[in-house]
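Q: pasting a predicted model and its sequence here:
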Amino acid sequence: MELKIKEFMELVKSRNNHEPEFLQAVQEVAETVIPYIVNHDIYHGKNILLRMVEPERQISFRVSWVDDKGEIQVNRGYRIQMNSAIGPYKGGLRFHPSVNASILKFLAFEQVFKNSLTTLPMGGGKGGSDFDPKGKSDNEIMRFCHAFMSELCKHIGHNTDVPAGDIGVGGREIGYMFGMYKKLKNSFTGVLTGKGATWGGSLIRPEATGYGDVYFAQNMLATKGDSFEGKTVVVSGSGNVAQYATEKATQLGGKVVTLSDSSGYIYDAEGINAEKLAHVMEIKNVRRGRINEYVEKYPNAKFVAGERPWSVNCDVALPCATQNELNGDEAKLLVKNGCICVAEGANMPSTPEAIHEFQKANILFAPGKASNAGGVATSGLEMSQNSLRLSWTREEVDEKLKQIMKDIHASCVQYGTKEDGSVDYITGANIAGFVKVADAMLAQGVV
Ligand SMILES: NC(=O)C1=CN([C@@H]2O[C@H](COP(=O)(O)OP(=O)(O)OC[C@H]3O[C@@H](n4cnc5c(N)ncnc54)[C@H](OP(=O)(O)O)[C@@H]3O)[C@@H](O)[C@H]2O)C=CC1
Ligand SMILES: O=C(O)CCC(=O)C(=O)O
């Protein structure tokens, strides 16, 4: 078996040698899915996984725009259309200076499995740009989004590829991109999700990734007869996912004591309650400031510059910032300090060494492709509402989201339960995600 995995990875490496994040994501899937393929004759001789690691289409394009000083700026835009076996390509757009083909391919690859897990008919894709939104004026953001969409619009469509937000892309950016798409195509369609509630968006979509992450952790804790009540929770990030994970964990009786951004983390031993979270949202979503501003209003809290929050004692950890933000040593520290549950809100935030530590300690660990799938699932619900030309209430969407997270948890349990009765959520998520896509690919032949 190890030889098969090694041979497969050597082939993937030879084609994608300079893409470490992509190789990391593929390695994790290969280790869990190849043994499953070996034991299931229907997949033999079909090279399904080899087909799945090759994007169906990879688009890269120039984005030229004019900044407030009148200077011409050039960025690179991308869309990776990874797999459309079970539905139109679906996945977010990331605007961050670190964006490159490796990062977007890892995200698009994971998206294929995640979207399959949601139970909804969505293929996988991802895109974005190396554009840095930090410090840009609102007009500069608008001009960039318009320029980006003036090319992307040629490659997407409500039945072809439906992008959404990710790091650096929220409601504001989706609005500007939607406006340009509509103008260029002269057509009002559900081509993007994460739209405003009055122009085709779904209620609960802004909350969905963070809420879904907490619902997933709630399901994991329930397998041990446990809950969020009275738990100390460490959250990283302070963007969309972190904010709503904090809100839901608090509503369920947990006490969230940290949030972070790329400059460091804040620690508030008294807990980040609803009022304090509203202040974080004001700092981050309105003033677009830094997390250290929190301690100006709440001086009992402290700001730790240049560090991540994983040394803080907790019962539950929710990494909600970015990939590879939690390493092996930090995982060891979390376990040593009593953490019993880690549910990834971000995509691939734990390094392979960190995952190894969590698995060695046999604590509850959920990979992002399962635990953060609530965001894209609610995007799927937004697409359904757009097709029906209807809007569901908050309660209706939240109920559907809860049920989807429960179903994803059940799929992980179905495919990931080990002989000793514990659940390997990585194996469960990868195999459950794989089976649906692979079966569709088999049915559709070699295309
Ligand atoms: N939005 C969604 O619906 C979904 C998002 N995700 C994933 O969740 C994660 C967070 O996304 P989201 O909340 O939407 O993004 P936001 O842009 O709203 O927030 C990102 C947060 O992560 C921090 N961050 C980003 N890059 C780094 C870095 N290199 N080092 C430290 N901190 C960093 C940011 O800090 P700073 O401002 O300093 O950069 C910010 O606090 C990502 O991994 C994303 O792929 C997954 C599923 C759906
Ligand atoms: O809602 C979507 O389509 C995208 C969400 C996303 O990018 C993700 O799940 O990582």
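A: It's in. Residues are numbered from 1 along each chain as shown. Ligands and ions are numbered 1, 2, ... in the order given.

Q: which ones are touching the spatially closest residue to residue 382 that is not a sequence neighbour?
A: Distances taken as C-beta to C-beta, 6 or more residues apart in numbering put residue 202 closest to residue 382, at 3.7 Å, once the chain neighbours are dropped. Glycine gets a C-beta too; all of them are placed from N, C-alpha and C. Shown in contact with residue 202 (C-beta atoms under 8 Å, 6 or more residues apart in numbering): 193, 378, 379, 381, 382, 385, 391, 392, 397.

Q: can you name the element that comes right after the one helix or strand the last one maps to?
A: For residue 397, the enclosing helix or strand under DSSP states H and E is helix 394-416. Toward the C-terminus, helix 394-416 is succeeded by helix 425-444 as the next helix or strand (DSSP H and E).

Q: next, the nearest residue to residue 235 once chain neighbours are set aside: secondary structure please.
A: Leaving aside its sequence neighbours, residue 235 sits nearest to residue 318 (C-beta to C-beta, 6+ apart; 4.8 Å). Following DSSP: H, G, I helix; E, B strand; the rest coil, the label given to residue 318 is strand.

Q: residue 318 reaches residue 243, doesn't it?
A: No. The criterion here is C-beta atoms under 8 Å, and residue 318 misses it with residue 243 at 11.5 Å.

Q: of the two, who's got more company?
A: Just comparing residue 318 and residue 243: by other C-beta atoms under 10 Å the higher neighbour count belongs to residue 318, 33 against 24.

Q: that one: what's it in contact with?
A: The contact partners of residue 318, by C-beta under 8 Å, 6+ apart, come to 213-214, 217, 233-236, 242, 245, 249, 342-345.

Q: select only the buried ones of these in ChimeraX?
A: Restricted to buried positions by 16 or more other C-beta atoms under 10 Å, the ChimeraX selection for those reads:
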select :213,214,217,233,234,235,236,242,245,249,342,343,344,345
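
Q: mind checking which of the contacts of residue 318 are in helices?
A: Among those, DSSP state H puts 213, 214, 217, 242, 245, 249 in helices.

Q: of these, which pair is most distant in space?
A: By the measure C-beta to C-beta, the ones in helices among the contacts of residue 318 have their two most distant members at 217 and 242, which lie 14.0 Å apart.

Q: follow-up on the earlier one: and ligand 1, which of the ones in helices among the contacts of residue 318 contact it?
A: Within the set of those, contact with ligand 1 (C-beta under 6 Å from any ligand atom) is found for residue 242.

Q: phi, psi for residue 162 please.
A: Main-chain dihedrals, residue 162, degrees, to the nearest 10: phi -120, psi 90.

Q: can you tell me the element residue 276 falls in?
A: Using DSSP H and E, residue 276 maps to helix 274-281.

Q: residues of that helix that come out buried?
A: Here helix 274-281 shows 276, 277, 280, 281 as buried, counting by 16+ other C-beta under 10 Å.

Q: the stretch 101-250 of the chain: helices as residue ranges?
A: Along the stretch 101-250 of the chain, counting by DSSP state H, counting those that start in this stretch, helices occupy 101-117, 138-152, 171-185, 205-222, 240-251.

Q: can you pull the residues of this structure lying near ligand 1?
A: So the chain meets ligand 1 at 165-168, 209, 237-242, 261-263, 320-322, 325, 345-347, 372, 375 (C-beta under 6 Å from any ligand atom).

Q: 5 Å instead, please
A: Proximity of the chain to ligand 1, by C-beta under 5 Å from any ligand atom, involves residues 166-168, 209, 237-241, 261-262, 321-322, 346-347, 372, 375.

Q: the residues you listed, buried ones only, as a ChimeraX selection?
A: With 16+ other C-beta under 10 Å as the criterion, this ChimeraX line picks the buried residues out of those:
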select :166,167,168,209,237,238,239,240,241,261,321,322,346,347,372,375
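
Q: restrict the residues of the chain next to ligand 1 to contacts with ligand 2.
A: Restricting the residues of the chain next to ligand 1 to those touching ligand 2 (C-beta under 5 Å from any ligand atom) yields 166, 375.

Q: show me the residues of the chain next to ligand 1 that map onto strands.
A: residue 261 (DSSP state E).

Q: helix, strand or coil for residue 386?
A: What three-state DSSP gives for residue 386 is helix.

Q: if we can go back for a sec, any chance of the buried residues of helix 274-281 in a markdown table, with distance to ligand 2 too?
A: Listed next are the buried residues of helix 274-281 as a markdown table, based on distance: C-beta to the nearest ligand atom, whole Å:
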| residue | distance to ligand 2 |
| --- | --- |
| 276 | 27 |
| 277 | 22 |
| 280 | 22 |
| 281 | 20 |
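
Q: of all pairs in those residues, which one is the farthest apart?
A: The span of those, defined through C-beta to C-beta, is set by 276 and 281 at 9.9 Å.

Q: the residue of the stretch 201-350 of the chain found nearest ligand 1: what's it in contact with?
A: Residue of the stretch 201-350 of the chain nearest ligand 1, by C-beta to the nearest ligand atom: residue 239 (1.8 Å). Contacts for residue 239 (C-beta under 8 Å, 6+ apart) come out as 167, 170, 261, 284, 320, 321.

Q: swap the cut-off to 10 Å and go again
A: Contact analysis of residue 239 by C-beta atoms under 10 Å, 6 or more residues apart in numbering lists 165-168, 170, 209-210, 259, 261, 284-285, 320-322, 345-346.

Q: again, but for residue 26
A: Counting by C-beta under 10 Å, 6+ apart, residue 26 touches 8-9, 12-13, 16, 19, 33, 49, 52-53, 105-106, 109-110.

Q: helix, strand, or coil at it?
A: helix.

Q: pretty sure residue 405 sits against residue 248.
A: No. Between residue 405 and residue 248 there is no contact under C-beta atoms under 10 Å: 11.0 Å.

Q: between those two, who's got more neighbours?
A: Neighbours around residue 405 and residue 248, counted as other C-beta under 10 Å, are more numerous at residue 405. The numbers are 26 against 21.

Q: closest to the centroid, which residue in this structure?
A: With distances taken as C-alpha atoms, centre = their mean, residue 347 lies nearest the centre of the chain, 4.5 Å away.

Q: which residues touch the residue lying closest to that one once chain neighbours are set aside?
A: In this structure, residue 347 finds its nearest non-sequential neighbour in residue 368, 4.7 Å apart by C-beta to C-beta, 6+ apart. Neighbour list for residue 368: 107, 110, 114, 209, 213, 216, 241, 319-320, 323, 343-350, 429 [criterion: C-beta under 10 Å, 6+ apart].
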